[in-house]
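Colleague: Just the structure for this:
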Amino acid sequence: MAGTRRIGILTGGGDVPGLNSVIKSVVYRATEIGDEVIGIRRGWEGLTHLRFDPTPDPQYVVRLNRTNTRTIDRTGGTWLHTSRTNPRKMAPASLPAWVDPSRVAELTGPDGLVDLTSVVLANIERLGLDVLVTIGGDDTLSFSRALCDSGVPLIAIPKTMDNDVAGTEYCIGFSTAITRAKELINRQRTTLGSHERIGVFRIFGRDAGFSALYTAYVTSARCLIPEAPYDIDRLADILIADREANPSRYAVVVTAEGAIWRGARMQDIGEPDAFGHRHKANVGEVLAAELKQLTGVEAVASELTYDLRSGEPDALDSMVATTFANVAMDLLRDGVTGRMVAIQDGKYAHTELPGPDTPARRVDVADMYNEDRFRPRYEGRLGDPMLLVGVGGVPVGSFAD
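Modeller: I've put the predicted structure just below:
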């Protein structure tokens, strides 16, 4: 890996605060050692839709340097933009117009979706990229693994507010999400108290409850997580007791978007994205309506999700993002590719890339969650990593309904 290399970098999936810190840090470190960095815009779409006429289309490719990345770490989002493109499973309507129709038929699978992995590989070669740095969650990382398996040198960096990527205790965006949630919930306490209501706060977490759990940890709220289907009658009784014991006469519960009570089924709604995910019906609104019926107390639902991914990163996300980028560059310097930067046992590390069948990390209910009280477990933390949990967890589908 000695000598000048051309490094491609992209961000995929949902945006989170901290992505720009990674981009800037990769660029600054690369220029120190004489490498060149090419930004791929709009995630994997940049490598499926890219055209050369005869030079690369500037809407998908940008040369990165210290000048154009100097201040990007001061804001959230991603300066390179993003998309939820899945090159292995593209709907015919989402294909670039220039793709030869005869080629489409050749690349279409039994499910009617088109696999443009070969186009991505060809564009990586035409751009002269020696290595890729990809920043994303499970979906972005699963295609990163596919590229690695096809021989592309690559280092991945995990990001998601759900904090559920297998193999790492921390993903970029998680701390800012919890910080934002704490601020928003505490701000709304005055309104809840003024009207003597039950506040239901919906937060990220389709399959894993880390965001809801840690928000409850720092706000002393009750919380509901996907890993532990619950008794809604018991929840109603506890919230009424909380309200009666509170001089301001309100109660608070945080629900992950995938948390449901026993016997309930939340419907998936809307069109699936490129990775097959559909939105769930708003569990916060449904739960608030159920609680109002059960308790006779007005319950109001507040949607926190998109506020949590907006704005600049907090200090921890800025620090982790910058360090993840430099660990990635250390690995490239040493000729190591095909790995994901991670935190394990509270320390910076690297691990294998999760594949498409790798289960997401889940909350260990027995260790982290008190099902009787709908609260995090605060006791018995001596000797735990700072974030209180290791890289293990309960595999998807292993809990009982």
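Colleague: Quick one: mean pLDDT for stretch 354-373?
Modeller: Average pLDDT, stretch 354-373: 94.
Colleague: Using PDB, write out every CA atom in stretch 56-65.
Modeller: What follows is stretch 56-65, C-alpha atoms only, in PDB (Å, rounded to 0.1, in the frame of the first residue of the first chain):
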ATOM      1  CA  PRO A  56     -16.700  11.800 -14.400                       C
ATOM      2  CA  ASP A  57     -20.000  13.500 -13.900                       C
ATOM      3  CA  PRO A  58     -19.400  16.200 -11.200                       C
ATOM      4  CA  GLN A  59     -22.900  15.600  -9.600                       C
ATOM      5  CA  TYR A  60     -21.600  12.300  -8.400                       C
ATOM      6  CA  VAL A  61     -17.800  12.800  -8.000                       C
ATOM      7  CA  VAL A  62     -15.900  15.600  -6.300                       C
ATOM      8  CA  ARG A  63     -12.200  15.900  -5.500                       C
ATOM      9  CA  LEU A  64     -11.700  16.500  -1.800                       C
ATOM     10  CA  ASN A  65      -9.000  18.600  -0.300                       C
END
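Colleague: Could you list the domains of the chain?
Modeller: Each domain of the chain is listed here as a residue range: 6-172+312-352, 175-308+364-376, per automatic domain parsing.
Colleague: Longest helix in the protein, please.
Modeller: Counting residues, the longest helix in the chain under DSSP state H turns out to be helix 174-195.
Colleague: What residues sit buried inside it?
Modeller: By neighbour count on 16 or more other C-beta atoms under 10 Å, the buried set for helix 174-195 is 174-182, 184-185, 188, 192. (Glycine included, C-beta is placed from N, CA and C.)
Colleague: Of the residues you listed, just say which sits nearest to residue 94.
Modeller: Nearest to residue 94, judged by C-beta to C-beta, of the buried residues of helix 174-195 is residue 177 at 28.8 Å.
Colleague: gap between that closest one and residue 25?
Modeller: Per C-beta to C-beta, to the nearest Å, residue 177 is found 21 Å from residue 25.
Colleague: hmm, back to that, ok, of the buried residues of helix 174-195, which one's closest to residue 339?
Modeller: Proximity of the buried residues of helix 174-195 to residue 339 (C-beta to C-beta) peaks at residue 174, which lies at 20.6 Å.
Colleague: list the contacts for the closest one?
Modeller: By C-beta atoms under 8 Å, 6 or more residues apart in numbering, residue 174 lies in contact with 160-163, 210-211, 214, 317.
Colleague: Give me the subset of the residues you listed that lies in helices.
Modeller: In helices, judged by DSSP H, the following of the contacts of residue 174 are found: 210-211, 214, 317.
Colleague: Of the contacts of residue 174, just say which sits nearest to residue 355.
Modeller: The closest of the contacts of residue 174, once distances to residue 355 are taken by C-beta to C-beta, is residue 160, at 16.4 Å.
Colleague: Can you name the element that comes right after the longest helix of the chain?
Modeller: strand 198-203 (DSSP states H and E).
Colleague: quick one on the thing from earlier: quick one: mean pLDDT over the longest helix of the chain.
Modeller: On average, helix 174-195 scores 97.
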